[in-house]
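Novice: need a 3D model of the following:
(chains A, B, C and D)
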Number of protein chains: 2
Amino acid sequence: MGKEKKYCYEYPRPALTTDCIIFGYDFGELKVLLIERAHEPFRASWAFPGGFVNIDETSEEGAVRELYEETGLQNVFIEQLYTFSDVDRDPRGRVISVVYYALVKQSEYKAVAGDDAAKAKWFSINKLPKLAFDHEMIFDVAIKRLKSKIKYQPIGFELLNEKFTLTELQQLYETILGIDLDKRNFRKKILSMDILIKLDEKQTNVAHKAAWFYKFDKEKYDSSSLFTLLTPK
Amino acid sequence: MGKEKKYCYEYPRPALTTDCIIFGYDFGELKVLLIERAHEPFRASWAFPGGFVNIDETSEEGAVRELYEETGLQNVFIEQLYTFSDVDRDPRGRVISVVYYALVKQSEYKAVAGDDAAKAKWFSINKLPKLAFDHEMIFDVAIKRLKSKIKYQPIGFELLNEKFTLTELQQLYETILGIDLDKRNFRKKILSMDILIKLDEKQTNVAHKAAWFYKFDKEKYDSSSLFTLLTPK
DNA sequence: TTTTATAGTGTAATATTTACACAAAGTTAA
DNA sequence: TTAACTTTGTGTAAATATTACACTATAAAA
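Specialist: Numbers count the residues shown, from 1 in each chain, chains lettered A, B, ... in the order given. As a prediction, this is how the structure comes out:
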């Protein structure tokens, strides 16, 4: 047994894979999770986690499964990014990849890939190693999407804790967009959107005035029509 | 010969198809091009043009090729929409489809599907027949994308002639967005973007004051950073 | 109790968006 | 040839949104 080629078709078919760009945010830096490949091709290179899609699952189910298998992450924000189908993108033959991107909350950031054999590691997006396959192109598409998406959809919350301060939120926006925002204007704007709930709880153990915590009001957002554009300073 | 199953793999593989939602604009109506299926499954149902992706072409190349084969269209605006991979979306088995959408200029609108055996027909998006496969879901994604994209990228020009009047452009936006726009404000805004070139040519044979023609200044657009949002009246 | 660090707040100036109406220019019909 | 019809093309004032900007409040640490 072993390598029998027992699935036969009238015409050649590509293999179907899925990959996932996992964004995390920590210490004011935007990061992505990479896996050091254990096998050829690109053995010992870094790559986005991913793998083959099973015949009885959708590409999204495959992405969610691979994400769990390779990192232990569950219940994360995940969204289809793009499908890459260049003929020579994989030296093993014709392989197309339906690529997703995921946003990981800070509370789960450290829990990532606690167990596994594969080496998983967070990299600051400014200090990425050389990547396997066409993953550099994939990354470019992903970061561009994240930057544009955060301007009109409140996905930033997916990268913070359940509770966050307005300063944390502002810093996240500043990091992703790569621009400075005015504190008063940022607060005015984000609060006027009416999608934040101010909690009855402050920071503790900080060597300065404690900030109030907020949480994202998903229900109010879902019922409102469209998030408006956050404009830079 | 004929139906030999000579392409064999270690694991089962899905078939890869591509489909294309072709938008056209005529007489103030937004339309899509549908093909009446000649074969099972869904024989005699209407569907978006598409077909199997060859093993030596990208999904986009496949979409462009199918578009040409089924409609005669060439050199149209085309962009990846989404990949659909539901396990049961095709009764023939596991088939995933990388779907594109295309915008067809008015000047080419009538030339569509001049020759072929398959029946191709434009349908107003408000009067679509029942569609094959999961094409109704695909249509929903496509129309949503078109509406949101036109607000921040000048893709509307792809649906008009090379030369158009500002009133035509305004009506196109009104049709796609489903809202009325103020003439003076629309003109002010679109002209301030500095992506239109006023031609030295007017309408002829109209029973009223002739409007000036404009064309889209692609070079100026490409070199500018980002198209700003067109806001409704 | 002083220092340090960050939170939290208002206003005036500027820019953008909105609402709104009529004269000009062709064509058609009387 | 004139009048009626139809659509083009234009400006301004009011309302709204965005921007720039600085100091007091609070908690912990020194």
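
Novice: all strands for chain A, in order.
Specialist: A:7-9, A:15-26, A:29-36, A:46-47, A:50-52, A:77-84, A:95-103, A:119-124, A:196-202, A:212-216 (DSSP state E).

Novice: chain center to the shortest one: distance?
Specialist: It refers to strand A:46-47. Strand A:46-47 has its C-alpha centroid displaced from the chain centroid by 15 Å (CA atoms, centre = their mean, to the nearest Å).

Novice: please parse chain A into its domains.
Specialist: Segmentation of chain A into domains, based on automatic domain parsing, reads A:15-152, A:162-223.

Novice: which strands and helices sit next to the lengthiest helix in chain A?
Specialist: What stands out as the longest helix in chain A, according to DSSP state H, is helix A:135-152. If contacts are counted by 3 or more CB pairs under 8 Å, 6 or more residues apart in numbering or on different chains; DSSP states H and E, helix A:135-152 sits against strand A:15-26, strand A:77-84, strand A:95-103, helix A:166-177. Bear in mind the C-beta positions are built from the backbone N, C-alpha and C, glycine included.

Novice: could you identify which of the ones you listed is most buried?
Specialist: Stretch with highest mean neighbour count among the helices and strands packed on helix A:135-152: strand A:95-103 (a mean of 25; mean count of other CB atoms under 10 Å in any protein chain shown).

Novice: let me see the mean pLDDT of it.
Specialist: Strand A:95-103 carries an average pLDDT of 98.

Novice: would you give the sheet partners of that strand, along with the direction of each?
Specialist: Paired strands of strand A:95-103, with direction, are strand A:15-26 (parallel), strand A:77-84 (antiparallel) (DSSP bridges).

Novice: may I have the first one as CSV, with CA atoms only?
Specialist: As requested, the backbone C-alpha atoms of strand A:15-26 are provided in CSV (Å, rounded to 0.1, in the frame of the first residue of the first chain):
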residue,chain,number,x,y,z
ALA,A,15,-4.4,19.8,-6.3
LEU,A,16,-6.4,22.1,-4.0
THR,A,17,-4.7,23.7,-1.0
THR,A,18,-5.5,26.4,1.4
ASP,A,19,-3.2,28.8,3.3
CYS,A,20,-3.9,31.3,6.0
ILE,A,21,-2.2,34.5,6.8
ILE,A,22,-2.7,34.9,10.6
PHE,A,23,-2.3,38.4,11.8
GLY,A,24,-1.6,39.1,15.5
TYR,A,25,-0.8,42.3,17.4
ASP,A,26,1.5,42.5,20.3
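
Novice: give the contact list for residue A:44.
Specialist: Contacts for residue A:44 (CB atoms under 8 Å, 6 or more residues apart in numbering or on different chains) come out as A:36-37.

Novice: could you pull out the buried residues of the lowest-mean-pLDDT helix or strand in chain A?
Specialist: Least confident helix or strand, chain A: helix A:218-223 with a mean of 83, by mean pLDDT, DSSP states H and E. Going by neighbour count (16 or more other CB atoms under 10 Å in any protein chain shown), the buried part of helix A:218-223 is residue A:221.

Novice: that one and chain B, are they touching?
Specialist: No: Helix A:218-223 is not in contact with chain B by CB under 8 Å from any CB of the partner chain; minimum separation 15.9 Å.

Novice: rewinding a little: just say which of the domains of chain A is most tucked in.
Specialist: domain A:15-152 (a mean of 18).

Novice: quote the end-to-end distance of that domain.
Specialist: One end of domain A:15-152 sits 35 Å from the other (CA to CA, to the nearest Å).

Novice: so it, near DNA strand C or not?
Specialist: No: using CB under 7 Å from any atom of the strand, domain A:15-152 stays clear of DNA strand C, coming no nearer than 11.1 Å.

Novice: need the nearest residue in space to residue A:17, chain neighbours excluded.
Specialist: Spatially, and ignoring its direct neighbours in sequence, residue A:17 is nearest to residue A:97 (4.5 Å; CB to CB, 6 or more residues apart in numbering or on different chains).

Novice: and if you look at residue A:176?
Specialist: residue A:150 is the one closest to residue A:176 (CB to CB, 6+ apart), at 5.5 Å.

Novice: likewise residue A:112?
Specialist: The spatially closest residue to residue A:112, leaving aside those adjacent along the chain, is residue A:71, at 5.0 Å (CB to CB, 6+ apart).

Novice: you'd agree that neighbour is up against residue A:63?
Specialist: No: in terms of CB atoms under 8 Å, residue A:71 does not count as a neighbour of residue A:63; the distance is 11.6 Å.

Novice: between those two, what contacts are shared?
Specialist: With contacts defined as CB under 8 Å, 6+ apart, no residue is shared by residue A:71 and residue A:63.

Novice: and chain A, which of its residues are near chain B?
Specialist: Residues of chain A found near chain B (CB under 8 Å from any CB) are A:3-16, A:52-53, A:55-60, A:80, A:82-83, A:85-87, A:94, A:96, A:98, A:229.

Novice: just want the phi and psi numbers for residue A:128.
Specialist: With angles defined as degrees, to the nearest 10, residue A:128 sits at phi -80, psi 140.

Novice: does it really touch residue A:32, like I thought?
Specialist: Yes: shown here, residue A:128 and residue A:32 form a contact pair, counting by CB under 8 Å, at 7.3 Å.

Novice: hey, what's in contact with both of those two?
Specialist: Shared contacts of residue A:128 and residue A:32 (CB under 8 Å, 6+ apart): residue A:139.

Novice: show me how far stretch A:86-102 is from its chain's centre.
Specialist: A distance of 19 Å separates the centroid of the chain from that of stretch A:86-102, by CA atoms, centre = their mean.

Novice: equivalent analysis for stretch A:96-105, please.
Specialist: Chain-centre distance of stretch A:96-105: 6 Å, with CA atoms, centre = their mean.

Novice: the residue nearest to residue A:17 against residue A:82, yeah?
Specialist: No: shown here, residue A:97 and residue A:82 do not form a contact pair, counting by CB under 8 Å, at 9.2 Å.

Novice: joint contacts of those two?
Specialist: Here residue A:97 and residue A:82 have residue A:138 as joint contacts, going by CB under 8 Å, 6+ apart.

Novice: any idea how far the residue nearest to residue A:17 is from residue A:192?
Specialist: Relative to residue A:192, residue A:97 is positioned 41 Å away (CB to CB, to the nearest Å).

Novice: and residue A:90, by the same measure?
Specialist: Taken as CB to CB, the span from residue A:90 to residue A:192 is 48 Å.

Novice: residue A:172 now?
Specialist: In this view, residue A:172 and residue A:192 are 19 Å apart by CB to CB.

Novice: over to residue A:67?
Specialist: For residue A:67, the distance to residue A:192 - CB to CB - is 35 Å.

Novice: for residue A:35, same thing?
Specialist: Residue A:35 is 41 Å from residue A:192, where distance means CB to CB.

Novice: then residue A:43?
Specialist: Residue A:43 is 52 Å from residue A:192, by CB to CB.

Novice: contacting residues for residue A:198?
Specialist: With CB under 8 Å, 6+ apart, residue A:198 has these contacts: A:212-214.
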